[in-house]
Every structure is written in structure tokens, then in C-alpha cells.
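[1] Take this sequence and fold it.
(one chain, ligands or ions: 1)
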Amino acid sequence: MTNLKPKILVVDDERLNIRLLYEGLRDEYQILASSTGMDALRIANTELPDLILLDIGLDDISGHDVCTQLKSNELTKNIPIIFVTAQDTYEDELKGLELGAIDYFRKPFSIPLVRVRVRNQIELKRKTDMLQYLSSIDGLTGLANRRQFDEHLVNTIRYADRQHRGLCLLMIDIDRFKQYNDLYGHVRGDDALKVVSRVLTKGAGRPMDFVARFGGEEFIILLTDSSPEEGALVAEKIREQVEQLHIPHEGCEFGFLSVSVGVAYTKPDIGEHIDERAFVEHADTCLYFAKESGRNRVICENFELHRPIKK
Ligand SMILES: Nc1nc2c(ncn2[C@@H]2O[C@H](COP(=O)(O)OP(=O)(O)OP(=O)(O)O)[C@@H](O)[C@H]2O)c(=O)[nH]1
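    The predicted structure follows:
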């Protein structure tokens, strides 16, 4: 069974302190423990705890250094840190807070007080996580929204530039969707958007595939570590599956709901950088040609003629 209790990482070189905190918090939280700074960094990266109680005076690297490293890592920078320390000068407290810690406990600590302050921070973290989640998804389809896509694209391009990996971008648009809304109403229109989003999620099912609602009736898929042929294949599968749903659409030349797809591909050589705007524009141009040449079709960039997009 999954342990749904929030996870707290306790970092202290004194076993007794770990034990005290463990006993005081274990009823409400899953407790992970570490006695060194390096081990704490490893656990924080793999377990992504909800809160870290961090001693300053560790044997290998100081708690302040651990905090600095956690705050400079994209993966761990949002994990709240509370310093737990015997050092109690104003300067120590100030330094800890300036490094990004959210609170400061002095040893010897009072367990009831620790419990209350930990509970407050965990509650705050839960609310922050929820807000972050809500601001990154599309409420209608549950897909990632444009904002999350933009962030993901920047990170993925950084990865592709570094590792010289191929990326495919699929821009997908429902055909004659204005007429669909006009004929069947916005509620049915919303249902169609949800159905299409499910086809996309199934069609781009590898762990690294990223599906988002780009806006309105337009969707976007980013395939990482992929070839142009794979991009074309995924696009054609999606087009075909929407067609096979046979959702009636009297306002469309085919009589059923369909999508058009534009596919762009890029792969940076050593020292080259992908221009993210140009990449998206290529996919958009291909989509435009798919619409112009009759809809319900996939148009891929001419891979033979186009060099990958570079800044
Ligand atoms: N039901 C519903 N409709 C939406 C939503 N977002 C955008 N739309 C509609 O999608 C339609 C898009 O229409 P157009 O951009 O003219 O394109 P189209 O009719 O699909 O025509 P082509 O793309 O050329 O095939 C507009 O009528 C928007 O109101 C939504 O969340 N729900």
C-alpha cells in the first residue's frame, strides 16, 4: 500500500536528535533520516521530501551548504527547509533564512512546538503545491496548459542541445470546430475537446512524451529523443484514431470529426542551439498546409530539404 503521509527528511549527525524527532513526528509523517550532508542531498533528490529538518553543524558539509545546493537545484529548490541547530546567534539565524530556509528551531527543541510548526509548514506546502498544479493544467481536459508547455519546451530544448537529441513537435487542430460548436452547441464542443485530448494522451504514451492544450481547439505534443519518422507515425495514428471515433460533424466535408496535424523536427549538432520560436512556427506552418491542402491529414516538414532549426 502507498504511504500517503507527507515525507520529512531529518538531517542530523546526532543519532539521539534523529530519534527524538522520529518519535515525535512519526504518527503523522513518513520520516527519512540522514546523518551527513552528502547523503541528505542524495535522499532529497531521489525522495523529494515535503519538508527537510536540517542540522547546521554536520560532519562532512555544513547545513548551510546543503541548503544552498538544494535551493540551486531545479528539482529540490521548492522543498521547504527548517534549520535545527544548537548555534543560536542572530547571525546564524539570519544566514539560514537568507539562504532560503523558512524557519529555525533551536536545540534542545520542544517536541509539541516542533509538531505545530512542522504541521503549519506542511499545510502551507500542500496549498502551494495545489496552486502550482492548478496553474499548470487545463481545467477542461486535464492536460498540461500552455504555461506548463512553454516551461517544458525550454527545459527539453536545453536537454536536446546538450545531448544532441532529436525532437518532434506535433501541432494538432480540430477541423471546422467553429461549425461544430455552432451546430451542436458549446457543451458538445467541450465534450469533443475532452475526447480528442484522450486520443492524444493515448497516442503519445511514452514516459517522455508531453501533451498539452495549446489554446482553444489546438493541441501540441512534444516527443523527446525521437526521429522524424516516429513523429510522423504518432501524428498519423492520432489522426486515424480521431477519424475512427466517427463523431458526427455535419459542418465538415467528411461528415465526422477530424483533426489536422503539422509535424516539425529538429536535431542540434555540437555547438548548435534550437530556436524554440522557430520550432513552434515550423509545426504551425505544417499545420497550416495540412488545413490548406484539405484537412484531416498530417503534414511533416520536408526533412530532406530543411536543416534543423538553429539560432
Ligand atoms: N466548445 C468549445 N469551443 C472552443 C473552446 N476553445 C475554442 N473554441 C472554439 O473553437 C473554434 C475555433 O474556430 P476556428 O479557429 O475558426 O477554426 P475552425 O472552425 O476549427 O476551422 P479550421 O481550423 O480552419 O478547420 C472557435 O469557434 C472557438 O470558439 C472551448 O474550450 N470549448
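[2] from here on, contacts and neighbour counts on C-alpha atoms
    Noted.
[3] In its sheet, which strands sit next to the strand or helix carrying Asp173, and in what direction?
    Secondary structure assignment for Asp173, by DSSP states H and E: strand 167-174. Using DSSP bridges, the strands paired with strand 167-174 are strand 218-224 (antiparallel), strand 259-266 (antiparallel).
[4] Single out the most deeply packed of these.
    Most buried of the strands paired with strand 167-174, by mean neighbour count (mean count of other C-alpha atoms under 10 Å): strand 259-266, with a mean of 29.
[5] Which other helices and strands does the helix ranked longest in the chain contact?
    Longest helix in the chain, counting residues (DSSP state H): helix 111-134. Here helix 111-134 touches helix 15-25, going by 3 or more C-alpha pairs under 8 Å, 6 or more residues apart in numbering; DSSP states H and E.
[6] now the helix or strand just after the helix it packs on, how far from the chain's geometric center?
    For helix 15-25, the following helix or strand on the C-terminal side (DSSP H and E) is strand 30-34. Centroid separation for strand 30-34 versus its chain: 26 Å, with C-alpha atoms, centre = their mean, to the nearest Å.
[7] can you list contacts of the helix or strand following strand 30-34?
    For strand 30-34, the following helix or strand on the C-terminal side (DSSP H and E) is helix 37-47. For helix 37-47, contacts defined as C-alpha atoms under 8 Å, 6 or more residues apart in numbering pick out 9, 11, 33-34, 58-63, 66, 69-70, 75-76.
[8] so which of these comes closest to Ala144?
    Among those, Leu75 lies closest to Ala144 (C-alpha to C-alpha), at 18.6 Å.
[9] Quick check: the gap between the spatially closest residue to the closest one that is not a sequence neighbour and Asn73.
    Spatial nearest neighbour of Leu75, excluding adjacent residues (C-alpha to C-alpha, 6 or more residues apart in numbering): Asn45 at 7.0 Å. Using C-alpha to C-alpha, to the nearest Å, Asn45 is found at 9 Å from Asn73.
[10] If you count surrounding residues, which of those two has more?
    Asn45 (14 against 11; other C-alpha atoms under 10 Å).
[11] Per-residue pLDDT of that one, please?
    pLDDT recorded at Asn45 is 96.
[12] what's the distance between it and the ligand?
    To the ligand, Asn45 is 38 Å away according to C-alpha to the nearest ligand atom, to the nearest Å.
[13] again with Ser227
    Distance of Ser227 to the ligand, computed by C-alpha to the nearest ligand atom: 27 Å.
[14] And Asp55, by the same measure?
    Taking C-alpha to the nearest ligand atom, one finds Asp55 at 50 Å from the ligand.
[15] Please enumerate the strands of the stretch 101-250 of the chain.
    For the stretch 101-250 of the chain, strands defined by DSSP state E, counting those that start in this stretch occupy the ranges 103-106, 167-174, 210-215, 218-224.
[16] Mind giving me the packing neighbours of the shortest one?
    By that I understand strand 103-106. Judged by 3+ C-alpha pairs under 8 Å, 6+ apart, the packing partners of strand 103-106 are strand 81-85, helix 90-98.
[17] just so I know, which of the ones you listed lies nearest Ile299?
    Using C-alpha to C-alpha, the nearest of the helices and strands packed on strand 103-106 to Ile299 is strand 81-85, at 49.7 Å.
[18] Which positions within the lowest-mean-pLDDT helix or strand in the chain qualify as buried?
    Within the chain, confidence by mean pLDDT, DSSP states H and E is lowest for helix 90-98 among all helices and strands, at a mean of 83. Judged by neighbour count (16 or more other C-alpha atoms under 10 Å), helix 90-98 contains these buried residues: Asp92, Glu93, Gly96, Leu97.
[19] Any chance of a markdown table for these, columns distance to the ligand?
    Shown next, in a markdown table, are the buried residues of helix 90-98 (distance: C-alpha to the nearest ligand atom, whole Å):
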| residue | distance to the ligand |
| --- | --- |
| Asp92 | 52 |
| Glu93 | 50 |
| Gly96 | 46 |
| Leu97 | 44 |
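[20] what's the most distant pair in these?
    Pairwise over these, using C-alpha to C-alpha, the maximum falls at Asp92 and Leu97, 8.6 Å.
[21] Could you list the residues of the stretch 151-300 of the chain in contact with the ligand?
    Applying C-alpha under 6 Å from any ligand atom, we find that the stretch 151-300 of the chain lies next to the ligand at 174-179, 181, 186-187, 189-190, 216-217.
[22] 8 Å - rerun?
    Contact residues (C-alpha under 8 Å from any ligand atom) of the stretch 151-300 of the chain with the ligand: 173-182, 185-193, 215-217, 260, 291, 295.
[23] Now the buried members of these.
    With burial judged by 16+ other C-alpha under 10 Å, the buried subset of those is 173-177, 180-181, 189, 192-193, 217, 260, 291, 295.
[24] Could you pull up the contacting residues of the closest residue to Ile238 other than its chain neighbours?
    Excluding the flanking residues, the one nearest Ile238 by C-alpha to C-alpha, 6+ apart is Gly203, at 5.8 Å. Taking C-alpha under 8 Å, 6+ apart, we find Gly203 in contact with Val234, Lys237, Ile238.
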